[in-house]
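model this:
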Amino acid sequence: MFKQSKISRVAKREFKRILERKTLYFLIIILPMFIFLLIGSIYKNEIMRELPAAVIDYDHTQLSRTAVQMFESSGSIAIKEHLVSLDEIKKEFRRGKIQCAIIIPNNFEKDVKSGKQTSITVYKNSSNVIVGSLLLKEASTIIKTISAGVQLKKIQSSGHTKDEAMNIMMPIKLDTHSLYNPNYSYVNYFVPGLVTFILQMMIMIASVLIISSEFAHETFGEVVELSGGSEMSILFGKAIPHILINSASAFLIVGIIFPLFGVIVNGSYLLILSLFILFIIVCVMFGIMISSLFKDQFMATEVAVFINTPGFIFSGFTFPLWGMPVIHNIFGNMMPYTHFLSAYIKLSQMNTRLFAVKYDLIILTSFLIVSVVVSLFMIRMRVKKYEK
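Predicted coordinates:
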């Protein structure tokens, strides 16, 4: 008759514990699906459109109305109110009714036609950096278009053809190309980053309970008996069920969440899935290492939360690592998520070869080796203490 190995006995028990304990079951099976779908649905519109704006048109001429129509037709700005004073604009900003205000001065058309310099004043809400940047980009583009149109007509009126006028007006043409996220999509930017960071957090918080909970429930002896006192059997027997269950999350993210919400994957799905699984293994082992270091379940959870909470900020996702002070850069590089995210962007968005992410893979593998070695040592110490 087939005899179960020590690892399989421990693994079988761990699967049973996951299904029986509501906290573990919720953390690694139910919550991920809910969170991933929630994040995807938030950014499903990809880009911000029709940000509410107000207009004060002091000129009331054909050119000023044309300018207002161009702002309205931009797609990013929607004229919601026509006001008459700056005080009204400030009031609407404070009420949250508008994100942008456009003021066209008196004599706008007259000054343009006579060759005098004039200005369109744009107030934008920069309390949200992304909203402020988008409004600045749209306003700059529209005003440049209006100015170019005026200049073009003036040059053409002097007897030049349209092509000649364009060459005189713009002797140097700017040709730009946006790579990897050309339409500035929120889905392609935020969804992969947020989903994978939350995945790491949930895995680690669940993993720190793997060993520490045995002490909390005074069941460590059962594991020692099933494993025959083998630290290898305890570590891998308890880790394998969590790795397998969380690997299903990798297939859920790449195979369902990304296609469902239109996240563009330019690279090899096989390489990206392999990266996800390596990342999951690292997170599980890192969590077990914390769990083996602290017998107190509450303390182990606190340490995991403390490590994970700033991880998103220091990953370089919202602000580049090279722009941070040295100490923050070092701290960021001590997080597994930082190196996973770097490798993911290169493989998925830049469609690079595996060689391009070798440094990130080496660092992730180093995290794995250190976690396994420390966990084995600590479990061995716990087993010896129990046997005595």
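
for the stretch 101-250 of the chain, which segments are assigned as strands?
Under the criterion DSSP state E, counting those that start in this stretch, strands of the stretch 101-250 of the chain are mapped to 121-124.

where does pLDDT dip in it?
164-166, 168-178, 182-184 (pLDDT under 70).

next one: Ile30 from Met285, what distance?
23 Å (CB to CB, to the nearest Å). (Each C-beta comes from the backbone N, C-alpha and C, glycine too.)

quick one: which of those two has more around it?
Neighbours were counted for Ile30 and for Met285 using other CB atoms under 10 Å; Met285 has more, 24 against 11.

my guess is that one meets Val373, correct?
No. Between Met285 and Val373 there is no contact under CB atoms under 8 Å: 10.0 Å.

just give the nearest non-adjacent residue to the residue nearest the centre of the chain, would you?
Nearest to the geometric centre of the chain sits Gly193, at 2.7 Å (CA atoms, centre = their mean). Of all residues not flanking Gly193 in the chain, Phe317 sits nearest, at 4.7 Å (CB to CB, 6 or more residues apart in numbering).

domains in this structure, by residue range?
Domain segmentation of the chain under automatic domain parsing yields 6-44+188-387, 51-169.

just want to check the distance between the residue nearest to the centre of the chain and Leu354.
The spacing between Gly193 and Leu354, counted by CB to CB, is 21 Å.

follow-up on the earlier one: most tightly packed of the domains of the chain?
Ranked by average neighbour count under the criterion mean count of other CB atoms under 10 Å, those are headed by domain 6-44+188-387 at a mean of 18.

and the nearest residue to Asp111 once chain neighbours are set aside, what are its phi and psi?
Nearest-residue entry for Asp111: Thr118, 4.1 Å, with adjacent residues in sequence omitted and distances by CB to CB, 6+ apart. Backbone torsions of Thr118, given as degrees, to the nearest 10, read phi -130, psi -180.

and Thr118, how far from Ser140?
16 Å.

the residue nearest to Asp111 reaches Asn107, doesn't it?
Yes. Thr118 is within contact range of Asn107, at 7.5 Å (criterion: CB under 8 Å).

so which residues of the stretch 151-300 of the chain form helices?
162-169, 186-207, 209-216, 220-227, 231-252, 258-261, 269-293, 297-308 (DSSP state H, counting those that start in this stretch).

dump those into a markdown table; add distance to Leu347 as well.
Output for these, formatted as a markdown table (distance: least, CB to CB, whole Å):
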| stretch | distance to Leu347 |
| --- | --- |
| helix 162-169 | 42 |
| helix 186-207 | 11 |
| helix 209-216 | 29 |
| helix 220-227 | 37 |
| helix 231-252 | 14 |
| helix 258-261 | 13 |
| helix 269-293 | 5 |
| helix 297-308 | 23 |
